[in-house]
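In: Please work out how this folds:
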Amino acid sequence: MSRNFTLSCCSTVDVPYHYLESRSIPVLFYTYVVDDVTYVDDMGRDPQALPHFYEMLAAGKLPQTSQVNVAEYMAFFEELLKQGGDVLHLGFTSGQSGSIHNAFLAAEMLKEKYPEQKLLVVDTLCSSSGYGMLVDTVADMRDTGATVEEAYQWTMDNRNKVHHQFFSTDMTQFRRTGRVSGATAAIATVLNICPIMRLDSKGAIKAYDKVRGKHKAIEVTADTMEQHAQGGRDYDQRCWICHSQCLDLAKQLAEQLEQRFPHLKGQIRIFDIGTIIGSHAGPGTVAVFFYGDERPEMA
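Out: Below is the predicted model:
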């Protein structure tokens with residue numbers, strides 16, 4: 001297969017590494033620290049890594065995540081440029097990390113050294129498996145002969161049409177990381193309240209509603225997808241789900257969506273939330289990703 005450019009991404013796509021490897025998509029790995037020990041975002045390469053991560057959370061450990069620095073991006077990009085050809089890097093949303101700004105700096109610094117090659121970087125405004133879904137779509141474009149400029153422009157035009165709709169049944173990690181107060185988390189637990197969240201137009205997490213009970217959360221998530229998905233109930237494009245240690249809930253959501261969107265039957269893919277996103281979301285989070293209208297601006 002002849003490809004016009006190299007497509008790369010970061011490990012926060014929450015897609016198994018072996019899948020990206022099979023699609024020839026190089027990955028820059030994020031890291032996290034627990035008790036002064038640095039761990040690499042594993043992406044399923046070691047089957048024991050993710051269970052061990054959630055065991056640490058259950059034991060009360062608080063992982064510390066950090067940005068990828070300029071030097072790391074430069075080393076990663078230069079290795080790709082040395083192989084020849086143009087490079088398109090789709091980066092993790094600036095709404096949740098400042099890493100993408102370091103990617104832009106690294107790309108700018110490499111321009112003089114590789115004047116005959118293009119190195120284009122996109123702030124995808126996407127996270128987790130929604131980010132992965134966007135990367136997967138662009139990989140299809142690459143494989144069908146798109147140029148790096150065409151893929152870059154398509155990504156810029158469509159990145160805000162990747163909807164990230166999710167809910168959480170466990171507020172423990174949100175409380176630990178300061179995303180919600182202790183009192184709010186305690187009340188949510190007692191009343192069985194699930195916050196309903198989405199990514200806004202800047203790729204930041206926004207909680208905008210709350211419901212009582214898991215089944216209601218699934219129903220509201222499906223309702224929201226129907227309101228925003230391209231084609232409504234006739235939606236037939238990619239639909240990915242991810243979860244953090246709650247596969248049964250993810251399957252329940254998939255069943256609900258297959259009933260609501262008949263063209264999706266048998267086509268919904270379910271993934272694990274990885275260690276970097278899981279450091280902030282904790283267990284009990286379920287998300288669905290799909291192509292829809294432009295994501296809203298939210299205060």
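
In: Need the three-state assignment for the residue nearest to Asn69 when sequence neighbours are not counted.
Out: Excluding the flanking residues, the one nearest Asn69 by C-beta to C-beta, 6 or more residues apart in numbering is Asn102, at 5.8 Å. For the C-beta atoms, the positions are set from N, CA and C on the backbone; glycine is no exception. Going by DSSP: H, G, I helix; E, B strand; the rest coil, the secondary structure assigned to Asn102 is helix.

In: so who does Asn102 touch?
Out: Residues counted as contacts of Asn102 (C-beta atoms under 8 Å, 6 or more residues apart in numbering) are 67-70, 72-73.

In: try it again with 10 Å
Out: Neighbour list for Asn102: 67-74, 91 [criterion: C-beta atoms under 10 Å, 6 or more residues apart in numbering].

In: Of all pairs in those residues, which one is the farthest apart?
Out: Greatest spatial distance in the contacts of Asn102: Ala71 and Gly91, 16.0 Å, computed using C-beta to C-beta.

In: Just checking the distance from stretch 119-134 to the centre of its chain.
Out: Centroid separation between stretch 119-134 and its chain, computed with C-alpha atoms, centre = their mean, to the nearest Å, is 7 Å.

In: Now do the buried residues in it.
Out: 119-134 (16 or more other C-beta atoms under 10 Å).

In: Identify the residues contacting stretch 228-239?
Out: 130, 132-134, 136-137, 140, 161-163, 165, 198, 225-226, 254, 257-258, 260-264, 267-269, 288-296.

In: of the residues you listed, buried ones?
Out: 130, 132-134, 136-137, 162-163, 165, 198, 225, 254, 257-258, 260-261, 264, 268-269, 288-292, 295.

In: Next, check the residues you listed against the strands and list the overlap.
Out: 162-163, 165, 198, 269, 288-291 (DSSP state E).

In: a markdown table please, covering the residues you listed and showing distance to Lys214 and pLDDT.
Out: Formatted as a markdown table, those follow (distance: C-beta to C-beta, whole Å; pLDDT from 0 to 100):
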| residue | distance to Lys214 | pLDDT |
| --- | --- | --- |
| Val162 | 25 | 98 |
| His163 | 21 | 98 |
| Gln165 | 15 | 97 |
| Arg198 | 18 | 95 |
| Arg269 | 21 | 98 |
| Val288 | 14 | 98 |
| Phe289 | 19 | 98 |
| Phe290 | 20 | 98 |
| Tyr291 | 26 | 98 |
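
In: Just name the closest of these to Val87, please.
Out: Val162 (21.6 Å).

In: Contact partners for that closest one?
Out: Val162 makes contact with 124-127, 130-134, 137, 199, 203, 238, 240, 289-292, 295 under the criterion C-beta under 10 Å, 6+ apart.

In: rerun at 6 Å
Out: Contacts for Val162 (C-beta atoms under 6 Å, 6 or more residues apart in numbering) come out as 126, 130, 134.

In: what do you get for Ser168?
Out: Contacts of Ser168 (C-beta under 6 Å, 6+ apart): 195, 284-285.

In: where does the stretch 101-250 of the chain dip in pLDDT?
Out: Within the stretch 101-250 of the chain, the ranges that satisfy pLDDT under 70 run 171, 173-191.

In: tell me which element Arg142 falls in.
Out: Assigned by DSSP states H and E, Arg142 belongs to helix 128-143.

In: the helices in the stretch 151-299 of the chain, which residues?
Out: Ranges of helices in the stretch 151-299 of the chain, per DSSP state H, counting those that start in this stretch, are 172-176, 182-190, 214-228, 247-260, 275-281.
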